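*Asks:* below is the sequence, then the predicted model.
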Amino acid sequence: MQAVSHPPANADEILHNVPRVDGVVPMYVGGAWRLAADGATRDVCNPANGLAIATVAEGGAADAEAAILAARRAFDDGPWGTMSAADRAALLFKLADAIDAHREEFMRIDTLNNGKPLRETEYDAVDAANCFRYYAGLATKPHGQTFDVPAPSQTFTVREPIGVCGQIVPWNYPLLMAVWKLAPALAAGNVCVLKPSELTPLSTIRLAALFEELEFPAGVVNVVLGPGATVGHTLAASALVDKIAFTGGTKTGRSIMHDATSNLKKISLELGGKSPNVVFADADFDTAVDYALFGIFANAGQVCSAGSRLILQRSLHDRFVERLVERAQKIRVGDGFDPQTEMGPIISPVHRERVESYIRAGEEEGAQLLCGGNRLGGPLASGNFIAPTIFDDTSPGMRIVQEEIFGPVLVVQTFDDEAQAVALANDTVYGLAGAVFTNDIAKAHRVIRKMRAGITWINTYHPTYNEAPWGGYKQSGIGRELGTYGYDAYTEVKQINVNLDVAPSGWFGQ
Ligand code: NDP
């Protein structure tokens, strides 16, 4: 591991186009910028050095309710629902172009606020624009079905928007997670109240300014800031919200599901994971090592689908682990603005504590710490940095094997045969993602089909496509985002039956 130091980024210059009201980054509600009803604010920090970079409005329940009402009016009385799909699509295509035009700015805002290296925020910004493009295209494609029912009826379905969608997203992909929620919802004709994480609201507010510039009708997109416990809870519990969509931790997902019972609103949950990466002895060695590193250390392991359990065939184990540790120790950790940096910081001091508590638990449970496990000092001491960490000699019951750490911590497990590999892969409450590396294509397919996970890869890790569904089995969530599945999740299906022989039936009282 090598520490990369870098002078602090110039926050004022990077955030130049982020709207302010009285010097505070505001919320976007009903097409207007507003501060919190009670005037509360909070500072947002750069995780690479702990410095405050902006003061943002700290909304509460009253602000969430105002945003819900604005969205309700926009859906019930505004032009969005009756606008043709082609017109909605045209606006969404313009938005995609606007994101592209400001790509560098979005990259820098998210690197400043989240800490991840520019090469990762570039991917996020490109993908965000393409996500809007994908759903803009989908808006005008056929969505209904016709049915061959007994005469004299003609039966078919149409898809209609659900209505007001509450959307709650985390801090690990600030721009992209907001876009994964907004793009399908808007394309399908819904209106949105989005709550970003309190830690990373800046790129979402910048995005809201683009919605304003492009003259999306007022109230179609609302961004409300504030804590999950008040603002998020209000969105999930409100009887005026028709759907709640959430990405974040499984514990929070459970609480949102409980809140959503108030009016039995539709619900989509994208939750945590403890995803297995199974490597057989016949795999391409260098490729498997490469993706094992990428699977866990991309975004410093703060990825729901991270390959956080490396499940190695015993005959391969020693050679593989040796190379893995050698490469992990060469990872350049530092400020995401330095082009040398390969891995950035943990999002916050609180989350770093949480990751460290798992590292301590691993040592106490008797796992062998092969590398990392420590904070980074020297020029990186003021940021929330943890060295890439690998544990070996684990057993399936250990907390570090079972629980989502959400940091740069890899645990190694060992198997002898295919059946044991599958058993280990499936041995957690999660089922988000998984991968297998082998040159035996039949074995690869057998193992993948037995994996209880929603997103899987053969001989690769992490590629994610706007076109393909994203979501988990078991306690990793409910429903799917992206692709046509993600669009359908923002629609109601209406069955329409037309009588082609208009005459009384004579069933009663003749
Ligand atoms: P949370 O699940 O708490 O946060 C995600 C979002 O939910 C944030 O916007 C948060 O608001 C909001 N939220 C929090 N509590 C509620 C609530 N009661 N009702 C409605 N919304 C709420 O994640 P944390 O940041 O606390 O991280 C905890 C763990 O969750 C991580 O260690 C990781 O294991 C997991 N996680 C998984 C993610 C994933 O992509 N699967 C993403 C992030 C975390 P606020 O602004 O207050 O944080």
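*Replies:* That came in fine, so what should we check first? Numbering: from 1, shown residues only.
*Asks:* how far away is Ala489 from the ligand?
*Replies:* 17 Å (Cβ to the nearest ligand atom, to the nearest Å). Quick note: C-beta positions are derived from backbone N, CA and C, even for glycine.
*Asks:* what about that residue, how many residues nearby?
*Replies:* 24 (other Cβ atoms under 10 Å).
*Asks:* surely it is in contact with Gly479?
*Replies:* Yes. Ala489 is within contact range of Gly479, at 5.3 Å (criterion: Cβ atoms under 8 Å).
*Asks:* intersection of neighbour lists for the two?
*Replies:* Applying Cβ atoms under 8 Å, 6 or more residues apart in numbering, one finds that Ala489 and Gly479 are jointly contacted by Ser268.
*Asks:* flag every residue of the chain that's near the ligand.
*Replies:* Within the chain, the positions adjacent to the ligand are 168-170, 172, 195, 197-198, 227-229, 232-233, 236, 247-249, 252, 255-256, 271-272, 304, 354, 404, 406 by Cβ under 6 Å from any ligand atom.
*Asks:* now, of those, which are buried?
*Replies:* Buried members of those, scored by 16 or more other Cβ atoms under 10 Å, are 168-170, 172, 195, 197-198, 228, 232-233, 236, 247-249, 252, 255-256, 271-272, 304, 404, 406.
*Asks:* SS state for Val44?
*Replies:* The local conformation at Val44, judged by DSSP: H, G, I helix; E, B strand; the rest coil, is strand.
*Asks:* tell me the contacts of it?
*Replies:* Listed by Cβ under 8 Å, 6+ apart, the contact set of Val44 reads Val25, Ala52, Ile53, Ala54, Thr55, Val56, Asn113, Glu198, Leu199, Thr200, Pro201, Leu202.
*Asks:* you'd agree Phe297 is in a helix?
*Replies:* Yes. Assessed by three-state DSSP, Phe297 belongs to a helix.
*Asks:* what helix or strand does the closest residue to Leu175 other than its chain neighbours sit in?
*Replies:* Using Cβ to Cβ, 6 or more residues apart in numbering and skipping the chain neighbours, the partner closest in space to Leu175 is Ser203 (4.2 Å). Assigned by DSSP states H and E, Ser203 belongs to helix 202-213.
*Asks:* residues touching the residue sitting nearest the centre point of the chain, list them.
*Replies:* The centre of the chain sits closest to Met177, judged by Cα atoms, centre = their mean, with a distance of 4.4 Å. Residues in contact with Met177 (Cβ under 8 Å, 6+ apart) are Val169, Pro170, Thr247.
*Asks:* for the residue nearest to Leu175, give me the pLDDT.
*Replies:* Here, the pLDDT recorded for Ser203 equals 98.
*Asks:* and for stretch 256-271, what are the contacting residues?
*Replies:* Residues contacting stretch 256-271 (Cβ under 8 Å, 6+ apart): 162, 166, 168, 232-233, 236-239, 241-250, 253, 304, 430, 432, 470-472, 475-481, 489.
*Asks:* give me the buried subset of those.
*Replies:* 162, 166, 168, 232-233, 236-238, 241-250, 253, 304, 430, 432, 470-472, 475-481, 489.
*Asks:* among the residues you listed, which lie within strands?
*Replies:* Gly166, Ile168, Lys243, Ile244, Ala245, Phe246, Thr247, Tyr430, Gly477, Ile478 (DSSP state E).
*Asks:* how far away is the fifth one from the ligand?
*Replies:* Computed with Cβ to the nearest ligand atom, the distance linking Ala245 and the ligand is 11 Å.
*Asks:* ok, that residue - contacts?
*Replies:* Cys165, Gly166, Gln167, Ile168, Lys181, Ala185, Ile267, Ser268, Glu481, Ala489.
*Asks:* hang on, the second one packs against Ala239?
*Replies:* If I follow you right, that is Gly166. No. Using Cβ under 8 Å, Gly166 makes no contact with Ala239, being 11.6 Å away.
*Asks:* quick one: Gly59 and Val25, what's the gap?
*Replies:* Gly59 sits 11 Å away from Val25, going by Cβ to Cβ, to the nearest Å.
*Asks:* any weak-confidence spans in the stretch 1-150 of the chain?
*Replies:* 1, 4-5 (pLDDT under 70).
*Asks:* and the strands in it?
*Replies:* Assigned by DSSP state E, counting those that start in this stretch, the stretch 1-150 of the chain shows strands spanning 2-4, 27-29, 32-34, 41-45, 52-57, 146-147.
*Asks:* dump stretch 125-135 to CSV, keeping only the CA atoms.
*Replies:* Extracted in CSV, the C-alpha atoms of stretch 125-135 (Å, rounded to 0.1, in the frame of the first residue of the first chain):
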residue,chain,number,x,y,z
ALA,A,125,-21.0,10.6,-14.6
VAL,A,126,-20.9,8.8,-18.0
ASP,A,127,-23.2,6.1,-16.8
ALA,A,128,-25.6,8.7,-15.3
ALA,A,129,-26.1,10.4,-18.7
ASN,A,130,-26.5,7.0,-20.4
CYS,A,131,-29.1,5.9,-17.8
PHE,A,132,-31.3,8.9,-18.7
ARG,A,133,-30.8,8.1,-22.4
TYR,A,134,-31.7,4.4,-21.9
TYR,A,135,-35.0,5.3,-20.1
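*Asks:* heads up, I number from 43, so please use that
*Replies:* All set: I'll call the first residue 43, so the last point we hit is now stretch 167-177.
*Asks:* run through who's touching it.
*Replies:* Outside of stretch 167-177, the residues within contact range by Cβ under 8 Å, 6+ apart are 134-135, 137-139, 141-142, 145, 148-149, 152, 217-218, 221-222, 225-226, 228-229, 506, 508-509, 524, 528-529.
*Asks:* ok, the residue nearest to Gln517 when sequence neighbours are not counted - contacts?
*Replies:* Counting by Cβ to Cβ, 6+ apart, Gln517 lies nearest to Val471, which is 4.5 Å off, once chain neighbours are set aside. Contact criterion Cβ under 8 Å, 6+ apart gives Gln444, Lys516, Gln517 as the residues in contact with Val471.
*Asks:* same deal with Lys536?
*Replies:* By Cβ under 8 Å, 6+ apart, the neighbours of Lys536 are Thr199, Val200, Arg201, Glu202.
*Asks:* bridged to it, which residues?
*Replies:* Val200 (DSSP bridges).
*Asks:* ok, the residue in the stretch 343-492 of the chain that the ligand sits nearest to - contacts?
*Replies:* Taking Cβ to the nearest ligand atom, the ligand has its nearest neighbour within the stretch 343-492 of the chain at Cys346, 3.1 Å off. By Cβ under 8 Å, 6+ apart, Cys346 lies in contact with Asn214, Thr289, Glu312, Leu313, Gly314, Gly315, Leu474, Ala475, Ser518.
*Asks:* and stretch 473-482, C-alpha only, in CSV?
*Replies:* These are the backbone C-alpha positions of stretch 473-482, laid out as CSV (Å, rounded to 0.1, in the frame of the first residue of the first chain):
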residue,chain,number,x,y,z
GLY,A,473,-28.0,-12.8,-2.1
LEU,A,474,-27.1,-9.7,-4.1
ALA,A,475,-24.2,-10.7,-6.3
GLY,A,476,-21.6,-13.4,-7.0
ALA,A,477,-18.9,-14.5,-9.4
VAL,A,478,-17.1,-17.6,-10.5
PHE,A,479,-13.7,-17.9,-12.2
THR,A,480,-12.9,-21.1,-14.1
ASN,A,481,-11.9,-22.1,-17.6
ASP,A,482,-14.5,-24.9,-17.5
